[in-house]
Structure formats: C-alpha cells, structure tokens
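J.: Below is the structure, and that's it, no one-letter string:
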C-alpha cells in the first residue's frame with residue numbers, strides 16, 4: 001500500500017478505504033465516459049485494478065485507476081475529483097502520486113483517453129499518439145445505457 005498526506009488530504013492505494021458508493025455515483029451519474037455503469041462493474045474493476053483514492057479526512061473526494069501488468073503497460077482510467085473539491089490542485093496531486101509509484105518508472109507504454117483534460121496529462125509527459133494508425137479498438141459506446 002502506498003499513501004501520501006498533503007495538508008488535509010490523503011491519497012492512498014488502500015482498497016479498504018474506497019467508498020464504492022461515491023465512485024459508482026460519480027461514474028454512473030456525472031462522468032461522460034461511464035454514464036449508467038452498474039455498481040457490480042465498479043466492484044469488479046476495483047478488484048482487478050490498481051486503485052487510488054483521494055480523501056478529505058475520511059470522505060472520498062477523488063479516484064483513479066490504473067489497468068496494468070506492472071511491468072510493460074498501463075492504462076489510466078476513471079480519473080475524477082468530485083465537483084466541490086475541484087480547483088484545489090487535487091487532480092495534479094493525484095497524478096503526481098500515480099507517476100511517483102515505483103512500477104511506473106519501468107512501464108514501456110502508459111496510455112489514457114480524455115475528452116477535456118489534455119493540459120493536465122501533458123504536464124506529466126503524456127503526448128498524443130505518434131502513430132495512432134497502430135492502435136485499434138472495440139468500443140461499445142452505449143454499453144451501460146438502459147435497453148428498452
């Protein structure tokens with residue numbers, strides 16, 4: 001487990017501290033990328049990923065997860081700070097915490113997708129794909145949308 005205290009905030013990889021209700025609520029109801037995600041899906045990805053929570057005292061106020069083999073590849077996903085705690089530098093602190101994790105230094109390819117936070121990630125060395133034609137995907141855009 002890794003943990004860092006910054007003033008009145010704590011950033012931690014301790015899964016026992018995660019508030020699944022807060023994570024699910026944000027992703028299912030406020031995110032543009034996982035709208036409608038079932039809580040069971042959230043529970044399952046928490047079990048199988050490196051997760052990082054941001055806490056104000058004992059209240060979870062942010063989250064990120066890294067899908068990784070801890071050796072050559074990592075994918076950063078589901079990064080958020082709840083609205084009431086934005087503009088406090090917490091997303092930068094969260095990203096710095098992740099980038100300082102020991103295994104990240106050895107990762108060959110670390111990727112992410114974002115619609116609106118390019119400048120945040122660029123400040124940590126992320127750049128647009130130099131050869132996007134090499135990448136392919138299967139993307140079920142409406143995976144969590146309720147079916148009629």
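T.: Nice, I can see it. Remember, it's a predicted structure, so these values are computed and weren't measured experimentally.

J.: Can you check the pLDDT for the most centrally placed residue in the chain?
T.: Centroid-nearest residue in the chain, with CA atoms, centre = their mean: residue 64, separated by 2.3 Å. pLDDT recorded at residue 64 is 98.

J.: Test of understanding: give the bridge partners of it.
T.: When bridges are called by DSSP bridges, residue 64 pairs up with residue 52.

J.: just checking, it touches residue 90?
T.: No. Counting by CB atoms under 8 Å, residue 64 stays clear of residue 90, with 10.8 Å between them. To be clear about C-beta, it is placed using only N, CA and C from the backbone, and glycine gets the same treatment.

J.: all helices for this protein, in order.
T.: For the chain, applying DSSP state H gives helices covering 20-29, 39-48, 90-99, 118-122.

J.: Buried deepest among those, which one?
T.: helix 90-99 (a mean of 18; mean count of other CB atoms under 10 Å).

J.: Show me what that one is packed up against.
T.: strand 3-6, strand 9-12, strand 50-56, strand 59-68, strand 73-81, helix 118-122 (3 or more CB pairs under 8 Å, 6 or more residues apart in numbering; DSSP states H and E).

J.: tell me the mean pLDDT over that helix?
T.: The model assigns helix 90-99 a mean pLDDT of 98.

J.: Now residue 41. Nearest residue, chain neighbours left out?
T.: residue 144 (7.7 Å; CB to CB, 6 or more residues apart in numbering).

J.: Count the neighbours of the one you found for me.
T.: Counted with other CB atoms under 10 Å, the neighbours of residue 144 add up to 15.

J.: for residue 33, same thing?
T.: Residue 33, neighbours per other CB under 10 Å, totals 14.

J.: List the residues that contact it.
T.: Residue 33 sits next to 27, 78, 113, 115 when contact means CB atoms under 8 Å, 6 or more residues apart in numbering.

J.: tell me the contacts of the first one?
T.: Under the criterion of CB under 8 Å, 6+ apart, the contact list for residue 27 reads 33, 34, 37, 42, 78, 80.

J.: so where is the protein shaky, pLDDT-wise?
T.: 146-148 (pLDDT under 70).
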